[in-house]
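Asker: any chance you could fold what I've pasted below:
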Amino acid sequence: MQIESVCIVGGGSSGWMSAAIFSKTFPDMEICLVESEHVRTVGVGESTLGHFNRFLKRVGLFGKDKEWMPKCNATYKTSIGFTNFRDGNGENFQYPFGRFDMINYKDNIMRFFELQCQYGDELYPPEEFSRFVNNQTWLADFNKMADDIPNSLFDFGEDTAYHLDATKFGMFLKDEVCENVQHYTGDVQNVIKRPDGSIEAVTTTDGNYIGADLFLDCTGFRSLLLEQHMGSEFISFKDQLFNDKAIAGHMEYEDKDKEMECVTDCTGLNNGWAWNIPLWHNIGVGYVYSSRHTTNADATQELYEYLKKRSGRYPALSGFTEIDIRHGKRKEAWVKNVVGIGLAYSFVEPLESTGLMTTHENLIYLVDAIKSKKSGKMNNFDRQSYNYSVDHLTEVMRNFIVLHWVLSSRDDTPYWKEVTSEVNIPTNLNDIHSNVRQLSLANTYSLMDNVLNSFYAPDKLEGLLYIAAGMDNRPLNPILYKERSDAERRAVVETIHNEWQRERKFMLEWVKEQPSHYQYLKDNIYVESV
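Answerer: Numbering: from 1, shown residues only. This is a model prediction of the structure:
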């Protein structure tokens, strides 16, 4: 298949992100986007991960925060915070971005658990893990921002993500990045196929006949082209991901300096979890819940009570949007000459901000695959390779998110009892992260042994370690230096303890001197608008 033209069906963030990366990667390609004026975008993808910087690089926006952030209501994000996920008693732990700061005396991630064994939970509770291994945790815990962090491998450009208005970001890409994209408005009326089953063209209610070599389906959960017209079977994740409903809205600020956090906070409620995403003008709030365990009315009331308790006031809200969540993926993302992007291909529980992440990662896979063929001709091997790559990413993210539930100890409501005791567990670590070597569970090791002894290879599982440690799951054998006597080992651990306590005191004093997230944005990004 020769690809010289692309038609993107659907707007929103996935449509305009597709248009932007194709526009920048293939400036000579014919690119068009067909957008309905009657389809409401989902609008919950307002939080990103550090991977988002890869997309910014591809579209020429990396390092240009002052240029695009004010137009997208954007703020910074240094971590994902989890509240009430471990045992439901108000506990909180962080999943900070960036590399592990395993430098100097902190030469191994296992040091933390040696300290925990020797000095106990009073000095080394589960939430201390992220502070010990990643100094960006201090920014998250104290809602501060800084260009550099002492005693750290922190890189601001690579290790900071964003909260943003995804709809505004799509419009920014449309207006500022998509220079060679033809824009059509109208609903798709007919899909015209060739004898081989590929799509030749789509027609719109505005009378346009639009042909292309490749069609990108960005029509959201409808999956108009990929599922409805190309027949790519939908595979549900409902047996592992129970939360099938959401209510979303925005709350007004009362004190920006305090409430504009640099963290996406996820708080476990009775029947799911609530998000708190501070944007520049307001705070994105919502509740992802299981309709088998509560009603929309009760979930709405529960969210109101949570927001009142969290903010200390009855929340001033701009209204809620009800969202039906369809967890799952299509059997194939690329069928004939149609590729599903964003929700049109897959959606996983939004707990880890995977919506935009899988969208831009799949787009990067796609443009790189096309670019690798100088002739522009793609064959079945290319399609199958792409399908394998995006399917694997989806599986990895699904299984990673499942572990947020099965590693929890909560059992205080019927919902939590079910998600922590009856959810199917990923069969091996290779299903959790693509870089992990195969470790079959059908051997002499238990699942817990496989998961927890992954602490011995922190470069392999990355974020899972923050979740496992924050949930108070510990390695089965934290003693590294078995060849040493107990006295020798205790002396080594005592030295590390003294070093960490000095560094901890220094970091505590340092972080208090840094500007708040809001102040940092005022001084560096929103200078003209304040």
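Asker: buried sites along the helix or strand where Val396 lies?
Answerer: Element membership for Val396, per DSSP states H and E: helix 380-406. By neighbour count on 16 or more other C-beta atoms under 10 Å, the buried set for helix 380-406 is 382-383, 386-387, 389-391, 393-406. In this view, the C-beta of every residue, glycine as well, is placed from N, C-alpha and C.
Asker: next one: stretch 190-201
Answerer: Buried-residue list, stretch 190-201, by 16+ other C-beta under 10 Å: 191, 198-199, 201.
Asker: okay, now the unreliable bits of the stretch 351-500 of the chain?
Answerer: The stretch 351-500 of the chain contains residues with pLDDT under 70 at 425-462, 476-485.
Asker: which residues outside stretch 371-381 are in contact with it?
Answerer: By C-beta atoms under 8 Å, 6 or more residues apart in numbering, the surrounding residues in contact with stretch 371-381 are 1-4, 25-26, 369-370, 382.
Asker: nearest to Gly249 among these?
Answerer: Thr25 (36.2 Å; C-beta to C-beta).
Asker: for the closest one, give me its contacts.
Answerer: Here Thr25 is in contact with 58, 367, 370-371 (C-beta under 8 Å, 6+ apart).
Asker: redo that, cut-off 10 Å
Answerer: Applying C-beta atoms under 10 Å, 6 or more residues apart in numbering, one finds that Thr25 lies in contact with 58-59, 363-364, 366-368, 370-371.
Asker: name the nearest of the residues you listed relative to Phe242.
Answerer: Leu363 (29.1 Å).
Asker: so the residue lying closest to the closest one once chain neighbours are set aside versus Asp368, what's the distance?
Answerer: The shortest distance from Leu363 to any non-neighbouring residue, by C-beta to C-beta, 6 or more residues apart in numbering, is to Ile21 (5.1 Å). In this structure, Ile21 and Asp368 are 10 Å apart, going by C-beta to C-beta, to the nearest Å.
Asker: any common contacting residues for the two?
Answerer: Common neighbours of Ile21 and Asp368 (C-beta under 10 Å, 6+ apart) are Arg58.
Asker: point to the residue nearest the middle of this structure.
Answerer: The residue lying closest to the centre of the chain (C-alpha atoms, centre = their mean) is Ser353, at 2.5 Å.
Asker: who's in contact with it?
Answerer: The neighbours of Ser353, taking C-beta under 10 Å, 6+ apart as the test, are 45-49, 51-52, 77, 80, 161, 163, 264, 266, 275, 277.
Asker: quick one: which of those residues sit in helices?
Answerer: Phe52 (DSSP state H).
Asker: can you tell me which of the contacts of Ser353 is nearest Leu465?
Answerer: Relative to Leu465, the closest of these is Ile80; by C-beta to C-beta it sits at 13.6 Å.
Asker: on that earlier part again, mind checking what helix or strand follows the helix holding Val396 in sequence?
Answerer: helix 414-421.
Asker: and that next one with helix 380-406, angle?
Answerer: 120 degrees (axes from the mean of the first three to the mean of the last three C-alpha atoms, to 10 degrees).
Asker: residues touching the spatially closest residue to Arg194 that is not a sequence neighbour, list them.
Answerer: Spatial nearest neighbour of Arg194, chain neighbours left out: Glu200 (4.9 Å); criterion: C-beta to C-beta, 6+ apart. Counting by C-beta under 10 Å, 6+ apart, Glu200 touches 191-194, 209, 211-212, 215, 337.
Asker: repeat the analysis, applying 8 Å as the threshold.
Answerer: 192-194, 211.
Asker: so it sits in a strand?
Answerer: Yes: judged by DSSP: H, G, I helix; E, B strand; the rest coil, Glu200 forms part of a strand.
Asker: and it, how close does it get to Lys522?
Answerer: If you go by C-beta to C-beta, the gap between Glu200 and Lys522 works out to 53 Å.
Asker: same question for stretch 299-307: list its buried residues.
Answerer: 299-300, 302-303, 306-307.
Asker: could you find the closest non-adjacent residue to Ser408?
Answerer: Thr420 (5.1 Å).
Asker: return the distance of that neighbour relative to Leu216.
Answerer: 39 Å.
Asker: between those two, which is the more surrounded one?
Answerer: Leu216 (28 against 15; other C-beta atoms under 10 Å).
Asker: report pLDDT for Leu226.
Answerer: We have a pLDDT of 98 for Leu226.
Asker: where does it fall, helix, sheet strand or coil?
Answerer: Assignment for Leu226 (three-state DSSP): helix.
Asker: how many other residues sit next to it?
Answerer: That count, for Leu226 with other C-beta under 10 Å as the rule, works out to 29.
Asker: same check, this time on Ile364
Answerer: Other residues close to Ile364 by other C-beta under 10 Å number 17.
Asker: pick the one among the contacts of Thr25 closest to Glu254.
Answerer: Val59 (35.4 Å).
Asker: show me what contacts that closest one?
Answerer: 20-21, 24, 173, 177.
Asker: so which of these wins on neighbours?
Answerer: Counting by other C-beta under 10 Å, top hit in the contacts of Val59: Ala20 with 28 neighbours.
Asker: just the C-alpha atoms of the helix or strand where that one lies, please, in CSV.
Answerer: Using DSSP H and E, Ala20 maps to helix 12-25. Provided in CSV are the C-alpha atoms of helix 12-25 (Å, rounded to 0.1, in the frame of the first residue of the first chain):
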residue,chain,number,x,y,z
GLY,A,12,-10.8,16.3,19.4
SER,A,13,-7.4,15.8,21.0
SER,A,14,-6.7,12.5,19.2
GLY,A,15,-7.7,13.9,15.8
TRP,A,16,-5.6,17.0,16.0
MET,A,17,-2.7,15.3,17.6
SER,A,18,-2.8,12.9,14.6
ALA,A,19,-2.9,15.8,12.2
ALA,A,20,-0.1,17.6,14.0
ILE,A,21,2.4,14.7,14.0
PHE,A,22,1.6,13.8,10.4
SER,A,23,1.9,17.4,9.4
LYS,A,24,5.3,17.7,11.0
THR,A,25,6.6,14.3,9.9
